[in-house]
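*Asks:* What shape does this take:
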Amino acid sequence: MALLNAYILQTLLFMSKMRFLPALFILAVSLALYSFNQVEYPNFKISIAGVDHELSAGVKISEFGKMTVVSLKEGVEIVSLEITLARGARAISISAVEGNTFELSQLKANARSGDRIVVEIKSKYSDDKLPSPDNSIIVFKVN
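*Replies:* Have a look, this model is predicted:
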(Lines give C-alpha, C1' and ligand atoms only; values in the text may rest on other atoms or scores of the structure.)
Protein backbone atom coordinates (compact mmCIF):
# COMPACT_ATOMS: atom_id res chain seq x y z
CA MET A 1 0.00 0.00 0.00
CA ALA A 2 2.86 2.37 0.80
CA LEU A 3 4.33 1.67 -2.63
CA LEU A 4 0.99 2.49 -4.24
CA ASN A 5 0.74 5.75 -2.25
CA ALA A 6 4.27 6.72 -3.31
CA TYR A 7 3.40 5.98 -6.94
CA ILE A 8 0.23 8.08 -6.70
CA LEU A 9 2.15 10.98 -5.13
CA GLN A 10 4.86 10.80 -7.79
CA THR A 11 2.27 10.71 -10.57
CA LEU A 12 0.35 13.62 -9.05
CA LEU A 13 3.52 15.71 -8.95
CA PHE A 14 4.18 14.89 -12.60
CA MET A 15 0.58 15.64 -13.55
CA SER A 16 0.59 18.98 -11.74
CA LYS A 17 3.59 20.01 -13.85
CA MET A 18 1.72 18.90 -16.96
CA ARG A 19 -1.41 20.86 -15.88
CA PHE A 20 -3.66 17.81 -15.73
CA LEU A 21 -6.33 17.47 -13.10
CA PRO A 22 -4.88 15.40 -10.24
CA ALA A 23 -8.35 14.77 -8.87
CA LEU A 24 -9.26 12.91 -12.05
CA PHE A 25 -6.30 10.59 -11.58
CA ILE A 26 -7.22 9.92 -7.94
CA LEU A 27 -10.76 9.08 -9.02
CA ALA A 28 -9.51 6.70 -11.71
CA VAL A 29 -7.18 4.87 -9.30
CA SER A 30 -9.92 4.64 -6.66
CA LEU A 31 -12.35 3.12 -9.16
CA ALA A 32 -9.71 0.66 -10.36
CA LEU A 33 -9.09 -0.54 -6.81
CA TYR A 34 -12.79 -0.92 -5.95
CA SER A 35 -14.36 -4.26 -6.79
CA PHE A 36 -17.74 -3.93 -8.51
CA ASN A 37 -18.28 -7.69 -8.64
CA GLN A 38 -19.18 -8.13 -4.99
CA VAL A 39 -22.74 -9.46 -4.99
CA GLU A 40 -23.97 -10.55 -1.62
CA TYR A 41 -27.50 -10.91 -0.29
CA PRO A 42 -26.91 -12.03 3.28
CA ASN A 43 -30.27 -10.83 4.57
CA PHE A 44 -32.59 -12.68 2.17
CA LYS A 45 -33.12 -16.12 0.71
CA ILE A 46 -34.94 -16.71 -2.57
CA SER A 47 -36.49 -20.03 -3.46
CA ILE A 48 -38.08 -20.74 -6.82
CA ALA A 49 -40.52 -23.65 -7.10
CA GLY A 50 -39.44 -24.75 -3.63
CA VAL A 51 -35.74 -24.93 -4.54
CA ASP A 52 -33.14 -22.54 -3.08
CA HIS A 53 -31.20 -21.02 -5.97
CA GLU A 54 -27.64 -19.78 -6.23
CA LEU A 55 -28.49 -16.37 -7.68
CA SER A 56 -25.01 -15.68 -9.04
CA ALA A 57 -25.49 -18.52 -11.54
CA GLY A 58 -28.83 -17.14 -12.76
CA VAL A 59 -32.12 -18.92 -13.38
CA LYS A 60 -33.24 -20.70 -16.54
CA ILE A 61 -36.59 -19.73 -18.05
CA SER A 62 -37.71 -23.34 -17.74
CA GLU A 63 -37.16 -23.13 -13.96
CA PHE A 64 -39.59 -20.23 -13.51
CA GLY A 65 -42.20 -21.01 -10.88
CA LYS A 66 -43.44 -19.70 -7.56
CA MET A 67 -40.73 -17.42 -6.13
CA THR A 68 -40.61 -16.85 -2.38
CA VAL A 69 -38.41 -14.24 -0.69
CA VAL A 70 -37.67 -14.86 2.98
CA SER A 71 -35.68 -12.71 5.40
CA LEU A 72 -32.85 -14.47 7.19
CA LYS A 73 -33.04 -12.05 10.11
CA GLU A 74 -35.13 -13.18 13.07
CA GLY A 75 -38.48 -11.43 13.36
CA VAL A 76 -38.39 -9.62 10.00
CA GLU A 77 -41.41 -10.08 7.75
CA ILE A 78 -41.51 -9.00 4.09
CA VAL A 79 -44.75 -7.18 3.28
CA SER A 80 -44.42 -6.04 -0.35
CA LEU A 81 -42.20 -6.58 -3.37
CA GLU A 82 -41.75 -5.08 -6.82
CA ILE A 83 -40.63 -7.54 -9.51
CA THR A 84 -39.15 -6.14 -12.73
CA LEU A 85 -38.13 -8.05 -15.85
CA ALA A 86 -35.37 -5.90 -17.36
CA ARG A 87 -33.60 -6.08 -20.69
CA GLY A 88 -30.64 -3.79 -21.25
CA ALA A 89 -31.48 -0.42 -19.73
CA ARG A 90 -35.26 -0.77 -19.89
CA ALA A 91 -37.97 -2.54 -17.97
CA ILE A 92 -40.04 -5.06 -19.91
CA SER A 93 -42.63 -5.59 -17.18
CA ILE A 94 -43.10 -4.39 -13.62
CA SER A 95 -45.31 -6.17 -11.07
CA ALA A 96 -46.20 -4.95 -7.58
CA VAL A 97 -46.78 -7.76 -5.10
CA GLU A 98 -48.34 -7.75 -1.65
CA GLY A 99 -46.62 -10.41 0.44
CA ASN A 100 -43.42 -12.31 -0.22
CA THR A 101 -44.41 -14.65 -3.08
CA PHE A 102 -44.64 -14.11 -6.83
CA GLU A 103 -45.38 -16.45 -9.73
CA LEU A 104 -42.36 -16.03 -12.05
CA SER A 105 -44.07 -18.12 -14.73
CA GLN A 106 -46.10 -14.98 -15.53
CA LEU A 107 -42.89 -13.59 -17.04
CA LYS A 108 -42.07 -16.63 -19.23
CA ALA A 109 -43.71 -15.23 -22.37
CA ASN A 110 -41.61 -12.06 -22.34
CA ALA A 111 -38.35 -13.39 -20.84
CA ARG A 112 -35.27 -14.05 -22.96
CA SER A 113 -31.82 -15.31 -22.15
CA GLY A 114 -29.69 -12.40 -20.94
CA ASP A 115 -32.54 -10.55 -19.22
CA ARG A 116 -32.50 -9.71 -15.52
CA ILE A 117 -35.04 -10.17 -12.76
CA VAL A 118 -34.92 -7.29 -10.27
CA VAL A 119 -36.60 -7.96 -6.93
CA GLU A 120 -37.06 -4.82 -4.86
CA ILE A 121 -38.24 -5.35 -1.30
CA LYS A 122 -40.46 -2.31 -0.84
CA SER A 123 -41.47 -2.78 2.79
CA LYS A 124 -40.67 -5.08 5.64
CA TYR A 125 -41.58 -5.13 9.31
CA SER A 126 -39.61 -6.21 12.32
CA ASP A 127 -40.96 -7.71 15.58
CA ASP A 128 -42.09 -4.33 16.86
CA LYS A 129 -44.18 -3.86 13.64
CA LEU A 130 -42.34 -0.68 12.69
CA PRO A 131 -41.64 -0.34 8.97
CA SER A 132 -38.02 -0.51 7.91
CA PRO A 133 -37.09 2.55 5.82
CA ASP A 134 -34.45 0.95 3.61
CA ASN A 135 -35.36 -0.87 0.41
CA SER A 136 -33.33 -3.89 -0.63
CA ILE A 137 -32.71 -4.84 -4.25
CA ILE A 138 -31.79 -8.32 -5.47
CA VAL A 139 -30.81 -8.80 -9.12
CA PHE A 140 -30.26 -12.10 -10.92
CA LYS A 141 -29.95 -12.94 -14.57
CA VAL A 142 -32.09 -15.13 -16.78
CA ASN A 143 -30.16 -17.88 -18.56
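
*Asks:* list the buried ones in stretch 45-64?
*Replies:* By neighbour count with 16 or more other Cβ atoms under 10 Å, stretch 45-64 contains the buried residues 46, 48, 53, 55, 58-59, 61, 64. In short, each C-beta sits where N, CA and C put it, glycine included.

*Asks:* Okay, now it: how far is its last residue from its first?
*Replies:* 16 Å (Cα to Cα, to the nearest Å).

*Asks:* which other residues reach that stretch?
*Replies:* 39, 41, 65-70, 72, 104-105, 107-108, 111-113, 117, 119, 138, 140-143 (Cβ atoms under 8 Å, 6 or more residues apart in numbering).

*Asks:* try it again with 6 Å
*Replies:* Residues from elsewhere that reach stretch 45-64 (Cβ atoms under 6 Å, 6 or more residues apart in numbering): 65-70, 72, 104-105, 108, 111, 140-141, 143.

*Asks:* With respect to pLDDT, which of the buried residues of stretch 45-64 ranks lowest?
*Replies:* Scanning the buried residues of stretch 45-64 for pLDDT, the low point is residue 53. It has 74.

*Asks:* Excluding covalently adjacent residues, which one is nearest to residue 94?
*Replies:* residue 84 (4.9 Å; Cβ to Cβ, 6 or more residues apart in numbering).

*Asks:* I'd like to know how far that neighbour sits from residue 100.
*Replies:* 16 Å (Cβ to Cβ, to the nearest Å).

*Asks:* Strands of this structure, residue ranges please.
*Replies:* Residue ranges of the strands in the chain, as given by DSSP state E, are 44-48, 51-52, 66-71, 77-87, 90-98, 101-103, 116-125, 136-141.

*Asks:* Could you list the paired strands of the fourth one along with their orientation?
*Replies:* Okay, so that is strand 77-87. strand 90-98 (antiparallel), strand 116-125 (antiparallel) (DSSP bridges).

*Asks:* who does residue 66 bridge with?
*Replies:* residue 103.

*Asks:* Return the member of the contacts of stretch 45-64 nearest to residue 10.
*Replies:* Set against residue 10, the nearest of the contacts of stretch 45-64 by Cβ to Cβ is residue 141 (41.8 Å).
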